[in-house]
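Engineer: sequence? don't have it. structure:
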């Protein structure tokens with residue numbers, strides 16, 4: 001089993017039609033046909049959306065994405081039209097809401113990897129490949145790759161795993177021209193993000209993007225280069241050959257798999273509520289990532 005431990009009821013706002021409840025975001029459409037994305041404080045782990053929220057998480061994801069969209073604008077346009085709060089929306093939506101252009105979304109998670117870890121490491125250990133791409137011998141957990149690679153995945157429903165696929169599979173799914181454009185844009189955006197993060201003492205190990213089309217124009221959508229969509233490691237603690245400390249939900253994962261939680265990840269029961277110290281430590285990591293990347297104090 002997986003999915004929502006407690007699926008929230010979407011807030012009804014006059015003039016907005018609720019379209020979808022995701023792991024983190026609520027998606028609406030306004031009367032002009034634009035999309036309204038609201039980032040919640042929900043936390044997901046091991047294919048579950050947990051019953052405990054992380055304060056400020058939705059605002060951090062939104063504000064960090066906006067910062068990155070600005071840094072990436074010369075490479076690829078974003079879907080953001082406005083940050084203005086829709087009329088009648090709750091005051092709590094302030095800072096976590098984006099009004100976005102409705103796009104024809106590409107049904108592919110566009111993943112870029114500059115370092116070997118996670119599902120890429122698992123595949124490498126079996127076949128010396130990642131998404132069918134051959135890699136040299138001798139790499140370990142946390143190794144920097146000879147060059148960044150494009151390792152796409154299929155986008156899964158809430159509660160399901162994204163599944164890594166080959167570039168050839170993407171080309172069959174969306175066409176050779178679109179596949180080539182996705183790969184080029186993904187690697188260009190990753191390279192820009194990697195270099196900016198490196199200057200701020202952070203390793204961008206890997207990340208995932210979503211793209212859509214506005215006519216013939218490829219547009220960057222959803223969130224970008226956040227702790228939810230990326231693996232950020234402190235550069236001064238990077239040490240290949242072991243799991244790296246990271247700016248993400250690692251405190252949550254570690255507690256859920258600990259004896260203290262009492263939760264069986266492979267069982268039928270949903271995960272329990274998080275203790276306050278795990279909530280605070282996780283929030284602290286999100287705040288630290290925001291502050292180190294942007295140079296702006298979170299308030």
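Structural biologist: That came through, no problem. Keep in mind it's a predicted model, so treat the numbers as computed, not measured.
Engineer: now the strands: where do they sit in the stretch 51-200 of the chain?
Structural biologist: In the stretch 51-200 of the chain, the strands defined using DSSP state E, counting those that start in this stretch lie at 80-82, 97-100, 104-105, 110-115, 129-130, 133-134, 144-150, 153-154, 163-164.
Engineer: Highest mean neighbour count out of the ones you listed?
Structural biologist: Stretch with highest mean neighbour count among the strands of the stretch 51-200 of the chain: strand 110-115 (a mean of 24; mean count of other CB atoms under 10 Å). To be clear about C-beta, it is placed using only N, CA and C from the backbone, and glycine gets the same treatment.
Engineer: That one: partners in the sheet, and parallel or antiparallel?
Structural biologist: Strand pairing for strand 110-115, using DSSP bridges, gives strand 144-150 (antiparallel), strand 202-214 (antiparallel).
Engineer: got any ranges where the stretch 1-150 of the chain has weak pLDDT?
Structural biologist: Scanning the stretch 1-150 of the chain for pLDDT under 70 picks out 1-2.
Engineer: coming back round to it: can you put the strands paired with strand 110-115 in TSV and add distance to residue 88?
Structural biologist: Shown next, in TSV, are these (distance: least, CB to CB, whole Å):
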stretch	distance to residue 88
strand 144-150	42
strand 202-214	27
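Engineer: of all those, which lies closest to residue 292?
Structural biologist: Using CB to CB as the measure, strand 202-214 is the one of the strands paired with strand 110-115 that comes nearest residue 292, at 6.0 Å.
Engineer: thinking again about what came up before, closest to residue 103 out of the strands paired with strand 110-115?
Structural biologist: The closest of those to residue 103 is strand 202-214. By CB to CB, the value is 2.8 Å.
Engineer: If you count neighbours, what's buried in the closest one?
Structural biologist: Buried positions in strand 202-214, judged by neighbour count with 16 or more other CB atoms under 10 Å: 202, 203, 204, 205, 206, 207, 208, 209, 210, 211, 212.
Engineer: and the next element down the chain from it?
Structural biologist: Next helix or strand after strand 202-214 toward the C-terminus (DSSP states H and E): strand 217-221.
Engineer: Now do that following strand: which elements does it pack against?
Structural biologist: helix 176-199, strand 202-214 (3 or more CB pairs under 8 Å, 6 or more residues apart in numbering; DSSP states H and E).
Engineer: starting at the chain centroid, how far to the longest one?
Structural biologist: Relative to its chain's centre, helix 176-199 lies at 15 Å (CA atoms, centre = their mean, to the nearest Å).
Engineer: angle of that helix against strand 202-214?
Structural biologist: 150 degrees (axes from the mean of the first three to the mean of the last three CA atoms, to 10 degrees).
Engineer: what's the span of stretch 235-249 from first residue to last?
Structural biologist: 18 Å (CA to CA, to the nearest Å).
Engineer: That should have said stretch 138-152, apologies.
Structural biologist: Using CA to CA, the end-to-end distance of stretch 138-152 comes to 24 Å.
Engineer: thinking again about what came up before, could you dump the strands of the stretch 51-200 of the chain into CSV and include distance to residue 244?
Structural biologist: As requested, these are exported to CSV (distance: least, CB to CB, whole Å):
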stretch, distance to residue 244
strand 80-82, 31
strand 97-100, 30
strand 104-105, 32
strand 110-115, 8
strand 129-130, 17
strand 133-134, 22
strand 144-150, 12
strand 153-154, 21
strand 163-164, 20
